[in-house]
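[1] Need the 3D shape of this:
(one chain, ligands or ions: 2)
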Amino acid sequence: MLSVVTPRLYRLDPLAEVDDRMAPHPTVTAAAGGRLPDWAVAGTRRREHMARVADLLESWALQWGLDEGERVRWRAVGFLHDALRDEPLSSLLPLAPADFGGLSDALLHGPAAAERLRTEGVADAELLDAVAFHTVGDPGFGRLGRALYVADFLEPGRTFLGEWGKSLRSRVPGALDEVVLEVARARIAHILDHKAALHPRTIAFWNALVEECHG
Ligand SMILES: [Fe+2]
Ligand SMILES: [Fe+2]
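    Numbers count the residues shown, from 1 in each chain. Ligands and ions are numbered 1, 2, ... in the order given. Coordinates of the predicted model:
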């Protein structure tokens, strides 16, 4: 393993996590129905994006034959990932875990939303990690985290992606891991094109994907 970052941020009480998955926290259930927490700061266009991400995730969950309980989590993560996307940096900083200091608001809104959900009692660590790292990626991502990472990028509102985006979207149910690699490559190339720094977690994510691919 080439990764130098801790693969998962949230390692909560495993029993609480099982309980939370069997009977999702009320905030998660409400979000699956499109009702955001009252602390959410997201404008109309943002909410439309979140709804498209939730719909896309649900469509994949259905194609994979996931049960209703799982589909609640998948829809909820689609709505919750950007719950603080329009919150200013000064308000995000105190919410984000200490090791996220120095990130921009574009990167901080995920960790801040995950932390807010955790303090509210959400114990579903996979969901919290998916929300926290939906922008930077994470080597510890399972199917939910990977699906959110690509759905956020490929949702049908991203019309500038054209036929390429459409084709990747349709390949997800049969080849999620190949699509994740392709999306990560495109997102990282975009960062490099702008001569911006890569977050260590993004590098670790990419290395884990490549290792998997050649392993
Ligand atoms: Fe986001
Ligand atoms: Fe998003």
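
[2] Determine the longest helix present in the chain.
    Identified as the longest helix of the chain according to DSSP state H is helix 162-193.

[3] Check which helices and strands whichever helix or strand comes after that helix sits against.
    Scanning forward in sequence from helix 162-193 by DSSP states H and E, the next helix or strand is helix 200-214. For helix 200-214, the elements it packs on are helix 162-193, judged by 3 or more CB pairs under 8 Å, 6 or more residues apart in numbering; DSSP states H and E. The way it works is simple: take the backbone N, C-alpha and C, and place the C-beta from them, glycine included.

[4] Tell me the buried residues in stretch 141-158?
    141, 143-155 (16 or more other CB atoms under 10 Å).

[5] just curious, which of those is nearest to Ser167?
    The nearest member of the buried residues of stretch 141-158 to Ser167, counting by CB to CB, is Leu154 at 9.8 Å.

[6] what about Ala40, which SS state?
    Here Ala40 is recorded as coil under DSSP: H, G, I helix; E, B strand; the rest coil.

[7] Over to it: give its phi and psi.
    Phi and psi for Ala40, reported as degrees, to the nearest 10, are phi -70, psi 140.

[8] Give me the distance between it and Leu148.
    The gap separating Ala40 from Leu148 is 17 Å, by CB to CB, to the nearest Å.

[9] Which residue, other than its chain neighbours, is closest to Thr29?
    Leaving out its chain neighbours, the residue that sits closest to Thr29 by CB to CB, 6 or more residues apart in numbering is Val72, at 6.2 Å.
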